[in-house]
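Q: predicted model follows, preceded by the sequence.
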Amino acid sequence: MTDVLASEWLKLRSVRSTWYILGLVALAVPLVAFLTLQGVNGWDGLSPGRRARFQAPPMEQALLPLVQLCMGVLAVLAITSEYTTGMIRTSLAAVPRRRRVLGGKAVITAGISLLGGLLFLFGAFAVSRAIVGDRPMSPGYTTPPEAEVPMLLASGLSVAVIALVGLGLGAATRSAAGAIVALSGLLFVLPVLAGLLPGPWSGRVGSVLPANLAGQLVDHPSAVGDLPPLGALGVLVAYAVAALGAGTAVLARRDA
């Protein structure tokens, strides 16, 4: 398995799209700084009454879905690019056990996505907190920094899970476009549709959407949904297992 992991890492770092995507994630930190600075400038010019009504969400969480999408796309391309170029035949000839090939890709893409997600989250968190300073900008900047560490770690885990979902969708559809559209729908379209549902279904559906699971996983005060931490963890695992299960079934039964 070590050889499989080494080969998958070599393939992933040899593709230019990997570095483009990681570059986009890195650029999200300066974007957080810019947006936070704009919010601070606006807050400074408000009266005390309007400051009390000012809503300042934590910017690392506001941009988290974009980072999740970036890492999901990276994972999609990790499998679909091999179908596009025909290199999947070489991969399967070198490693006939197809589940092992997908397993190696899952370990590498999840590891890179977890690391990239955590670097973004902690970097964006440090930058935004430094810019806000001691301003009591509610609700995103009124808690002690150390109290937000569990939320940051849980959010990083969600990035890795979305990457595994992207890998599974890519293996199942064999189409980068189809997998990316499905991933975008999961991250951006379904939350909007869930908000349009009548209660209590709006809350029930919203509880199991990826965007809301990190907060429930650590029982954060800003969490949207009523799942207990173990329930949120179970849903996160279910997303990864379902997507990878579908991808494994297609990879095992269809010719390359």
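A: Yep, that arrived. Everything numeric in this text was worked out from a predicted model, so none of it was measured.
Q: what segments of the stretch 151-256 of the chain are helices?
A: 176-184, 190-196, 201-207, 210-217, 229-253 (DSSP state H, counting those that start in this stretch).
Q: how deep is Met151 tucked in, by neighbour count?
A: By other CB atoms under 10 Å, the residues close to Met151 number 24. All C-beta spots, glycine's among them, are computed from the backbone N, C-alpha and C.
Q: what's the local residue count around the nearest residue in space to Ala171 that is not next to it in sequence?
A: Ranked by CB to CB, 6 or more residues apart in numbering and with sequence neighbours excluded, the top spatial neighbour of Ala171 is Gly247, at 2.9 Å. Each residue near Gly247 was counted by other CB under 10 Å, and the total is 26.
Q: got JSON lines for the helices of the stretch 151-256 of the chain, with distance to Gly116 and mean pLDDT too?
A: Putting these into JSON lines (distance: least, CB to CB, whole Å; pLDDT from 0 to 100) gives the following:
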{"stretch": "helix 176-184", "distance to Gly116": "16", "mean pLDDT": "94"}
{"stretch": "helix 190-196", "distance to Gly116": "23", "mean pLDDT": "90"}
{"stretch": "helix 201-207", "distance to Gly116": "26", "mean pLDDT": "89"}
{"stretch": "helix 210-217", "distance to Gly116": "16", "mean pLDDT": "92"}
{"stretch": "helix 229-253", "distance to Gly116": "17", "mean pLDDT": "93"}
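Q: would you check how far apart Leu35 and Arg13 are?
A: 31 Å (CB to CB, to the nearest Å).
Q: my read: the residue nearest to Ala171 touches Val165, true?
A: No - using CB atoms under 8 Å, Gly247 is not in contact with Val165, being 9.6 Å away.
Q: number of residues surrounding Phe122?
A: For Phe122, using other CB under 10 Å, the count is 17.
Q: nice, that's everything, thank you.
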